[in-house]
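Student: Mind folding the following:
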Amino acid sequence: MHNAEPVQVTVTTNGPYLVEGTVPIAVQTIVTDEQGDSVGWRKGADFATSGSCALCRCGHSANKPFCDGSHVRLGFDGTETAGHEPYLSQASEQDGPSLILTDAQPLCAFARFCDVAGQVWNLVEEDGPEAARQTELEAALCPSGRLVAWDPETRTALEPTFEPSIGVVDDPGQGVAGPLWLRGGIPVPGADGAEYERRNRVTLCRCGASANKPFCDGTHAAIRFSG
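Tutor: Next comes the predicted model:
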């Protein structure tokens, strides 16, 4: 059942993300195999919310994922540096024998699903149903939507189906906490009121250190962010 109540996540000036409307928020853990490769997602604990809430953006709240006002004490600079160009304007295109793969590298959230079975950029170049299946799977598991697989005949994006929801990413394979994973086309207005492109899946920085705010750029792994 689709959430009938309008939901959006607003970026505030040097402050938290304001979640307006009721939307499920839960831990989403990156599952790895015996080789350490990212192979899936596991839903964890739900966070109790009663309607709207504020989620930490500076990375220093003692009540993560919720804001506790630490951004004020720290003088957090949350200036948005991401552009408002649509995904396809940012993405490169790779045409394979079975599928098309688009890739907007600046959106990478370092979840590493793309590295399995020889890397998705090589897989899309291979012929046969198994390579196509694995390409589609790896693109669909990418939380940020950096990678999208497309049907070459219809030019339709092969997107997973998501209800509006927010995942708080946990990455035990790297020993770090990851971004906020917004799913199901949740609107994200910036602090100036201009809405970023509405997409099925995006990742928002919650370590406070991304160079592509409000979006995650994988910096949480480099700084060993814990959340």
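Student: what's next to the longest helix along the chain, contact-wise?
Tutor: Longest helix in the chain by number of residues (criterion: DSSP state H): helix 129-141. Helix 129-141 is contacted from outside by 38, 40-41, 96, 98-99, 101, 111, 113-114, 116-117, 120, 123-124, 147-149, 158-160, using C-beta atoms under 8 Å, 6 or more residues apart in numbering. For the C-beta atoms, the positions are set from N, CA and C on the backbone; glycine is no exception.
Student: now do 7 Å
Tutor: For helix 129-141, the external contacting residues (C-beta atoms under 7 Å, 6 or more residues apart in numbering) are 98-99, 101, 113-114, 116-117, 120, 123-124, 147-149, 158, 160.
Student: Narrow the residues you listed to just the buried residues.
Tutor: 98-99, 101, 113-114, 116-117, 120, 123-124, 147-149, 158 (16 or more other C-beta atoms under 10 Å).
Student: Between these, which sits nearest Asn63?
Tutor: Phe113 (29.8 Å; C-beta to C-beta).
Student: Could you check the pLDDT of the nearest residue to that closest one once chain neighbours are set aside?
Tutor: Leaving aside its sequence neighbours, Phe113 sits nearest to Leu141 (C-beta to C-beta, 6 or more residues apart in numbering; 4.0 Å). On pLDDT, Leu141 comes in at 98.
Student: Leu141 and Leu147, how far apart?
Tutor: Separation of Leu141 from Leu147 (C-beta to C-beta, to the nearest Å) stands at 9 Å.
Student: Pull up the pairing partners for the helix or strand Thr29 falls within, direction included.
Tutor: In this assignment (DSSP states H and E), Thr29 forms part of strand 25-32. Paired neighbours of strand 25-32 in the sheet (DSSP bridges): strand 38-46 (antiparallel), strand 165-171 (parallel).
Student: so where's the protein uncertain?
Tutor: For the chain, residues meeting the criterion pLDDT under 70 lie at 1-4.
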